[in-house]
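Asker: the sequence isn't on hand, but the structure is:
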């Protein structure tokens, strides 16, 4: 994490795939699940209720809600027309019984019973959670959550490798709600699932709420997939945790999740051995909500990122952070963070994190800055939309050396759009004792209400800035086909969109974007 003593203010799823973005006010779409199998025997569950899902209105919590109060989803819970799963599995239901055989007609009651059944089966490694709420309790014995610092409901080890924990497709995405019972930093379960040395795990289409630390926490557990889940209302802000917390695990994919109202990071990755990590298509709203601590202690929301990656070994390769939507980071500090203007960050590459490509992301709302490179090499930020909102308090990027004293070579910031919505030009690119300046060029800048956005920095300014209106509209931004940003030298790539789980509707809550957002 960036320490106050070094701070300078110089200048500023296995089943699913993305498709084209939806228009403003429409739900985003992608493949909604496995294909149907006419030979499957599908039964209904009394736990499945109706959820209209698509015509969503917003509320102050950040959820996109429908009339019944549920999250915005693409499938109606209990929709018998939805395709049944094609992969054999065990079933659990809030109305089940652990004495049952775990079939769709006679499901288990608890998640631990389903885990035991998968461990004991040579062929069935999938559990489908029927609609309803599953209240968690802490497991006995050693916890895999944050090295035993927090409690866990389901501890996963090598015997659980290859397991899939899934929503039941006919019930709809987010129809199975896993509740940790945490209403404060001292109550409830810390981690819903915590894995150590378990490979090829998949979590898809579930909703996690009211946990202290993390919905899913893994250590040394390669080839994890976390897709199309909703994670919200996490209550503790300390280092190493987050909605999805990845430690020393390679080949991880975290995609199309909706994460909101979390005390620390939305998606975080720590330690070496994280090569081939992909974080894509996620929506992260109102992250790092834990109160900031002036001076910084790495245990709060003021030195925190909606997406955060950390690797002091600096050996991980092929990190990809692409097409995520981020709004509002540590709102309570109004962008001040821990260090009088740092470090509540949209996308934060910390302490040697190297070889990461950050592209096609949208970062907007309250925060200290859109981006950070702290000590790493070969990090690329390209094709992103950075909204400074209040450019008086926010900078584009902090670029700073750390105790590893790497050369910080090969870093670049190119072909991005940076907009602002206040009279100040901002403070541009803020540098702190870096040995090598990043390449900064061919970015577009536009302030909707004041002076031109500052494109300079004390150790690296934009070599070829363009000042032009990029023609953006809507809360989930659409860039007009006639936008000058598509032309050289900016050559901005089109935003992919399709954020969040299938049918997701972007909530119009929190801090509005600086660009015109009526559609």
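Answerer: Nice, I can see it. In this text the structure is predicted, and so the values were computed from the model without any measurement.

Asker: low-confidence stretches in the stretch 251-400 of the chain?
Answerer: 297-298, 391 (pLDDT under 70).

Asker: surely residue 89 meets residue 167?
Answerer: No: the pair residue 89 and residue 167 does not pass the contact test of CB atoms under 8 Å, sitting 11.4 Å apart. C-beta: built from backbone N, CA, C; applies to glycine.

Asker: what sits in contact with each of these two?
Answerer: Shared contacts of residue 89 and residue 167, defined by CB atoms under 8 Å, 6 or more residues apart in numbering, are found at residue 128.

Asker: neighbour-wise, which of these two wins?
Answerer: Shown here are residue 89 and residue 167; by other CB atoms under 10 Å, residue 167 has more neighbours (28 against 22).

Asker: and the pLDDT at the more buried one?
Answerer: At residue 167, the model reports a pLDDT of 97.

Asker: can you tell me the closest non-neighbouring residue to it?
Answerer: Using CB to CB, 6 or more residues apart in numbering and skipping residues adjacent in sequence, the residue nearest residue 167 is residue 205, 3.3 Å away.

Asker: ditto for residue 189
Answerer: Leaving aside its chain neighbours, residue 189 sits nearest to residue 180 (4.0 Å; criterion: CB to CB, 6+ apart).

Asker: what sits against the one you found?
Answerer: Counting by CB under 8 Å, 6+ apart, residue 180 has contacts 136, 153, 188, 189, 190, 192, 208, 209, 210, 211, 212.

Asker: what's the neighbour count on residue 467?
Answerer: Neighbour count for residue 467, taken as other CB under 10 Å: 11.

Asker: please name the bridge partners of it.
Answerer: Assessed by DSSP bridges, residue 467 has beta-bridge partners residue 445.

Asker: now what about stretch 143-161, what contacts it?
Answerer: 111-112, 115, 118-119, 136-139, 141-142, 163, 180, 189-201, 212-214, 217, 219, 221, 236, 238, 240-241, 245.

Asker: quick one: end-to-end distance for that stretch.
Answerer: Start and end residues of stretch 143-161 are separated by 17 Å (CA to CA, to the nearest Å).

Asker: buried ones in whichever strand or helix holds residue 279, by neighbour count?
Answerer: Assigned by DSSP states H and E, residue 279 belongs to strand 278-280. Burial within strand 278-280, assessed by neighbour count using 16 or more other CB atoms under 10 Å, is assigned to 278, 279, 280.

Asker: who does that strand pair up with?
Answerer: Counting by DSSP bridges, the strands paired with strand 278-280 are strand 253-255 (parallel), strand 319-322 (parallel).

Asker: need the contact partners of stretch 451-462.
Answerer: By CB under 8 Å, 6+ apart, the residues outside stretch 451-462 that reach it are 8, 10-12, 388, 391, 396, 399, 418-420, 423-431, 434, 437-443, 445-447, 465, 467.

Asker: swap the cut-off to 7 Å and go again
Answerer: Outside stretch 451-462, the residues within contact range by CB atoms under 7 Å, 6 or more residues apart in numbering are 10-12, 388, 391, 399, 418, 420, 423, 425-431, 434, 437-438, 440-441, 443, 445-447, 465, 467.

Asker: skipping adjacent residues, who's closest to residue 447 in space?
Answerer: Once flanking residues are discounted, residue 447 sits nearest to residue 420: 4.4 Å by CB to CB, 6+ apart.

Asker: of the contacts of stretch 451-462, buried ones?
Answerer: So, by 16+ other CB under 10 Å, the buried ones in the contacts of stretch 451-462 are 11-12, 388, 391, 399, 418, 420, 425-431, 434, 437-438, 440-441, 443, 445-447, 465.

Asker: which residues sit in contact with residue 108?
Answerer: By CB under 7 Å, 6+ apart, residue 108 lies in contact with 90, 91, 92, 96, 98, 100, 102, 114.

Asker: surely the last one and residue 127 touch.
Answerer: Yes: Residue 114 lies in contact with residue 127 (CB atoms under 7 Å); the separation is 4.2 Å.

Asker: ok, back up a step: name the member of the contacts of residue 108 with the most neighbours.
Answerer: residue 92 (29 neighbours).

Asker: quick check: chain neighbours aside, which residue is closest to it?
Answerer: In space, residue 92 is closest to residue 108, 4.5 Å off (CB to CB, 6+ apart).

Asker: look up how far residue 122 lies from that neighbour.
Answerer: Distance of residue 108 to residue 122, given as CB to CB, to the nearest Å: 19 Å.

Asker: try residue 503
Answerer: 36 Å.

Asker: and for residue 243?
Answerer: According to CB to CB, residue 243 and residue 122 sit 33 Å apart.

Asker: mind checking which of these two has more residues around it?
Answerer: Taking neighbours as other CB under 10 Å, residue 243 and residue 122 compare with residue 243 leading, 34 against 5.

Asker: what strands line up against whatever helix or strand that one lives in, and which way round?
Answerer: Per DSSP H and E, residue 243 falls inside strand 242-247. For strand 242-247, the paired strands and their directions (DSSP bridges) are strand 214-219 (parallel), strand 265-270 (parallel).

Asker: and for residue 134, the neighbour number?
Answerer: Residue 134: 23 neighbours (other CB under 10 Å).

Asker: verify the stated contact: it with residue 111.
Answerer: Yes: look at residue 134 against residue 111 with CB under 7 Å: they come within range, at 6.3 Å.

Asker: could you pull out the helices for the chain?
Answerer: All helices of the chain, identified by DSSP state H, fall at 111-120.

Asker: low-confidence ranges in it?
Answerer: Scanning the chain for pLDDT under 70 picks out the ranges 1-84, 297-298, 391.

Asker: and the residue lying closest to residue 514 once chain neighbours are set aside, how many neighbours does it have?
Answerer: Spatial nearest neighbour of residue 514, excluding adjacent residues (CB to CB, 6+ apart): residue 421 at 3.0 Å. Neighbour count for residue 421, taken as other CB under 10 Å: 19.

Asker: could you do residue 486 as well?
Answerer: A count of nearby residues for residue 486, using other CB under 10 Å, gives 17.

Asker: what about residue 426, distance to residue 469?
Answerer: 17 Å.

Asker: test my guess that residue 361 contacts residue 383.
Answerer: No: using CB under 7 Å, residue 361 is not in contact with residue 383, being 8.4 Å away.

Asker: neighbour count winner among these two?
Answerer: Using other CB under 10 Å as the criterion, residue 361 and residue 383 rank with residue 361 on top: 27 against 23.

Asker: contacts only, for that one.
Answerer: By CB under 7 Å, 6+ apart, the contact list for residue 361 reads 321, 323, 324, 326, 347, 384.

Asker: so who does the residue nearest to residue 167 touch?
Answerer: By CB under 7 Å, 6+ apart, the contact set of residue 205 is 166, 167, 173, 174, 228, 229, 501.

Asker: was I right to think the fourth one contacts residue 230?
Answerer: Yes: the pair formed by residue 174 and residue 230 meets the contact definition of CB under 7 Å, at 5.0 Å.

Asker: measure the closest residue to residue 410 other than its chain neighbours to residue 347 for me?
Answerer: Distances taken as CB to CB, 6+ apart place residue 378 nearest to residue 410, at 3.9 Å, with adjacent residues excluded. Using CB to CB, residue 378 is found at 16 Å from residue 347.

Asker: quick one, which of the contacts of residue 205 are buried?
Answerer: For those, a burial check counting by 16+ other CB under 10 Å picks out 166, 167, 173, 174, 228, 229, 501.

Asker: quick check on the fifth one: phi, psi?
Answerer: Per-residue torsions, residue 228: phi 60, psi 30 (degrees, to the nearest 10).

Asker: once you drop chain neighbours, what's closest to residue 512?
Answerer: Per CB to CB, 6+ apart, closest to residue 512 is residue 475, 7.4 Å.

Asker: residues contacting the one you found?
Answerer: Contacts for residue 475 (CB under 7 Å, 6+ apart) come out as 506, 508, 513, 517.
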